[in-house]
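Asks: Prediction below, plus the sequence it came from.
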Amino acid sequence: MTEPAAPQTSSDAAPAVPAPRVVTRRRRNISWIWLVPLVAALVGLSLVAKKWINTGPTVTISFESAESLEVGQTKIRYKNVVVGVVKDITLSKDRSHVLVKARLNRDSAGFIARKGTRFWVVRPRLGLSGVSGLGTLFSGAYIGVDIAKSQETGADSRSVYTFKGLEKPPEITSDKPGTRYTLTASDLGSLELGSPVYYRRIQVGRVIDYDLAPDGKKVNIQIFVDSPSDKFITANTRFWNVSGINMSLSADGFSVNTGSLTSIIAGGIAFAAPEPQQGMVVPVAKPAAPVKANAVFPLKATRQAAMADPDGPAIEINMEFQQSVRGLKVGAPVDFHGLELGTVADIDLEYDGKAKHFYVLVKTKIYPMRFGMVYRKMMASNAQGENAGHLPLAALVRHGLRAQMRPANLLTGQQYIALDFFPKAAPARFDENAVPLMIPTVAGNFDRLQQQITSIVTKLDAIPYAGISHDLQASLQAMARLLNGVNKDLGPDTAATLKAVRRSLDGLDKLLGSDSASGGNLSQTLNQLSQAAKSLRALTDYLQAHPSSLIRGHPADVLPPSH
């Protein structure tokens, strides 16, 4: 407050001072302390806005189980970069699987939430390609992501928020350079996911998937060949199975062919292109262009089958066998002079109502192109004939072409069908226009032997062994009676004759003995005869040397000259 001014006197007169102006200052109702919550609110709003900006859509992934997954802890990673997190895990309505809801980052949702994206749980695994996911032992499991190349280029911009997760990690991710191909086989064999693919015994790829064909008759095997090895796969490339151990026994001896240890355990596939045979002149040409992705190739069982010339279309030929076909199985070879022309496709038992007997109908598939140049020459020679375009089997049948079953293995009893010429075979009817063709047959060698043995046994059974035995027994009895009579009638006379002969020999021995006079005279006579023979030999030698002495006589002795 201001005090009132004192009254002025006349003696102290001064100039008048204006009265002061008092202004009342207003008090502020808001304190500076309120700035703290305001700033906090602004920061919170900014964080919420930033989170809202960075938060992407929620996707739902179905798995068979939620093993190793935790809400708020399990991350979603693409190329080891976190692109989302698991927000919720629930069971499906039918309780057959679990539904994992994950929140994606906004900057990653544009290329992840697309058709073709694959999700799987990364955890420690031991597979053919090695051990994977060991890092999750410390960091915990996470969900891996793989996107298709079309998504990276933006070919498909439609967003998808529901996915079916993989129970196993994919063998090949979409960002790996290489090409996929499809192989078709009758069965899977020992191949598995991750089985190696070899080129010149170097691993260049692997099996990534397999499934049944729509008709269920084949298996489609998906393989992936790494770049740049995929450039070697052309339209002429052949694939074959190198699984396990292949053993063979031939004229060259016993051989064992194996691949790597992995292919022995888990199977494997190899591929190559046929090389020109030695001695063939091949014109220089540009290398064949690689085939496009997802090309289809047949998978053969062995390298020999893969490298063989194409068989071409097969023709069906039937054969009727009147004898047993025990040992003949479906798939048995059809042989012609050691060349396998086809296989047995089916074996049926049929009944001939006219002849009232059963027979076996064997259906075969023959590949005429396996004749090679011979087939082309035969077709060319028959180009102008009545049945142009058909294999001239009628002429071959007229010259004795027949089908015959022969043993393929004496130990197992397996049989095969051989086509051969039998000039002495009975004439047979053959309709070259029939569908399918029917080639006449002859009995096999074993069947012929069996027939011959049966004929011999039949003839032996027809011999009257009982009558022969009776006649032989009667003859032996008559001979025994004859010998007994001879022994009785001639026995005494024979003994007396032998005694007389013995006495004569004893007397002759005494007469010619050395002590008897007759023996001495006989000895002197023999000596004189010996001397006379010597003299006669000397006379003969002299006359031979001097034949004139018979006329002139003995010449006079010539005395030696005296000196």
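Replies: That came in fine, so what should we check first?
Asks: longest strand anywhere in the protein?
Replies: strand 339-352 (DSSP state E).
Asks: strands paired with the very next helix or strand once past that strand, and their directions?
Replies: Remark: after strand 339-352, the chain's next helix or strand is strand 357-366, criterion DSSP states H and E. Sheet pairing of strand 357-366 (DSSP bridges) gives strand 315-321 (antiparallel), strand 339-352 (antiparallel).
Asks: Can you say which of those is nearest to Glu67?
Replies: Nearest of these to Glu67, taken as CB to CB: strand 339-352 at 49.3 Å. Placement of C-beta: from N, CA and C, glycine included.
Asks: name the element Gln304 belongs to?
Replies: helix 303-307.
Asks: could you dump the strands paired with strand 357-366 to a markdown table with distance to Pro57?
Replies: Formatted as a markdown table, those follow (distance: least, CB to CB, whole Å):
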| stretch | distance to Pro57 |
| --- | --- |
| strand 315-321 | 60 |
| strand 339-352 | 58 |
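Asks: Next one: Ile202 from Ser229, what distance?
Replies: Between Ile202 and Ser229 the computed distance is 8 Å (CB to CB, to the nearest Å).
Asks: Apologies, that question was intended for Trp52.
Replies: 49 Å.
Asks: try His546
Replies: Distance from His546 to Ser229, by CB to CB: 117 Å.
Asks: Which one of the two is surrounded by more residues?
Replies: Higher neighbour count among His546 and Ser229: Ser229, with 18 against 12, using other CB atoms under 10 Å.
Asks: if we can go back for a sec, let me see the mean pLDDT of the helix holding Gln304.
Replies: The pLDDT scores in helix 303-307 average 85.
Asks: what does stretch 238-246 give?
Replies: 80.
Asks: same thing with stretch 494-502?
Replies: Taken as a whole, stretch 494-502 carries a mean pLDDT of 76.
Asks: swap in stretch 140-151?
Replies: Stretch 140-151 comes out with an average pLDDT of 82.
Asks: List the buried residues of that stretch.
Replies: 141-148, 151 (16 or more other CB atoms under 10 Å).
Asks: quick one: which of those is nearest Gly268?
Replies: Asp146 (25.0 Å).
Asks: show me what contacts that closest one?
Replies: Contacts for Asp146 (CB atoms under 8 Å, 6 or more residues apart in numbering) come out as 78, 117-118, 170, 173-175.
Asks: Just list whatever residues bridge to it.
Replies: For Asp146, the beta-bridge partners under DSSP bridges are Arg118.
Asks: how far away is it from Met379?
Replies: Counting by CB to CB - Asp146 and Met379 are separated by 54 Å.
Asks: Leaving out chain neighbours, which residue sits closest to Phe271?
Replies: Phe239 (4.6 Å; CB to CB, 6 or more residues apart in numbering).
Asks: thought the one you found was touching Thr302?
Replies: No - look at Phe239 against Thr302 with CB atoms under 8 Å: they stay out of range, at 11.4 Å.
Asks: So which of the two has more stuff around it?
Replies: Phe239 (21 against 14).
Asks: which residues touch the one helix or strand that one maps to?
Replies: Using DSSP H and E, Phe239 sits in strand 238-241. By CB under 8 Å, 6+ apart, the residues outside strand 238-241 that reach it are 183, 185, 189, 191, 267-274, 297-303, 305-307.
Asks: Can you list the strands that it pairs with?
Replies: Strand pairing for strand 238-241, determined by DSSP bridges: strand 269-272 (antiparallel), strand 296-300 (parallel).
Asks: most packed of those?
Replies: strand 269-272 (a mean of 22; mean count of other CB atoms under 10 Å).
Asks: Show me what counts as buried in stretch 362-375.
Replies: Buried residues in stretch 362-375, counted by 16+ other CB under 10 Å: 362, 364-368, 370-371.
Asks: distance of Leu91 from Ala66?
Replies: Leu91 is 9 Å from Ala66, where distance means CB to CB.
Asks: So if I had to pick from the two, which one is more boxed in?
Replies: Set Leu91 next to Ala66 and count neighbours by other CB under 10 Å: Ala66 wins out with 18 against 11.
Asks: Can you mark which positions in stretch 205-223 are buried?
Replies: For stretch 205-223, the neighbour count (16+ other CB under 10 Å) marks 205-208, 210, 218-223 as buried.
Asks: Pick the one among those closest to Ala40.
Replies: Ile208 (54.6 Å).
Asks: In a helix, that closest one, correct?
Replies: No - looking at Ile208 with DSSP: H, G, I helix; E, B strand; the rest coil, it is strand, so not inside a helix.
Asks: Would you confirm that it contacts Phe224?
Replies: Yes - contact criterion CB under 8 Å: Ile208 and Phe224 qualify, at 4.9 Å.
Asks: so what sits against both of those two?
Replies: Common neighbours of Ile208 and Phe224, using CB under 8 Å, 6+ apart, are 171-172, 180.
Asks: Nearest to Val100, out of the residues you listed: which one, please.
Replies: Using CB to CB, the shared contacts of Ile208 and Phe224 come closest to Val100 at Glu171, 22.8 Å.
Asks: give the contact list for that closest one.
Replies: Counting by CB under 8 Å, 6+ apart, Glu171 touches 129, 193-194, 206-209, 224.
Asks: pLDDT-wise, what's the bottom of the residues you listed?
Replies: The lowest pLDDT within these belongs to Ser129, which sits at 56.
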